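Peer 1: Sequence isn't available, so here's the structure alone:
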């Protein structure tokens with residue numbers, strides 16, 4: 001039985017504070033906020049106006065929800 005993941009995955013925060021974003025398994029960038037995620041979706045050909053960042057069938061948030069953007073370690 002195959003495990004199905006949403007097409008967009010926002011990975012746990014890195015030590016720099018950013019979160020890697022993948023679309024269909026391809027790294028599209030390092031986000032530092034929800035606006036970055038929306039921009040990466042636009043760059044990947046997805047319309048952010050039609051993709052709800054809170055829709056778990058489209059976006060999987062790992063290591064924290066869409067409001068979890070820790071500051072980099074000093």
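Peer 2: That came through, no problem. Just so you know, these numbers come straight off a predicted model, no measurement behind them.

Peer 1: mind listing the helices in the protein by residue range?
Peer 2: Using DSSP state H, the helices of the chain run over 34-43.

Peer 1: helices and strands of it: which one bottoms out on pLDDT?
Peer 2: Counting by mean pLDDT, DSSP states H and E, the chain has its least confident helix or strand at helix 34-43, which shows a mean of 92.

Peer 1: which other helices and strands contact that helix?
Peer 2: If you count contacts as 3 or more C-beta pairs under 8 Å, 6 or more residues apart in numbering; DSSP states H and E, helix 34-43 packs onto strand 8-13, strand 19-23, strand 26-31. Heads up, the C-betas are built off the backbone N, CA and C, glycines and all.

Peer 1: Recalculate using a threshold of 7 Å.
Peer 2: Identification of packing neighbours for helix 34-43 by 3 or more C-beta pairs under 7 Å, 6 or more residues apart in numbering; DSSP states H and E yields strand 19-23, strand 26-31.

Peer 1: Now do the contacts for the nearest residue in space to residue 68 that is not next to it in sequence.
Peer 2: Excluding its sequence neighbours, the residue lying closest to residue 68 (C-beta to C-beta, 6 or more residues apart in numbering) is residue 13, at 7.1 Å. Each residue near residue 13 by C-beta atoms under 7 Å, 6 or more residues apart in numbering is listed here: 19, 63, 64, 70.

Peer 1: Packed most tightly, which of the helices and strands packed on helix 34-43 would that be?
Peer 2: Mean neighbours per residue, mean count of other C-beta atoms under 10 Å, is largest over the helices and strands packed on helix 34-43 for strand 19-23, with a mean of 20.
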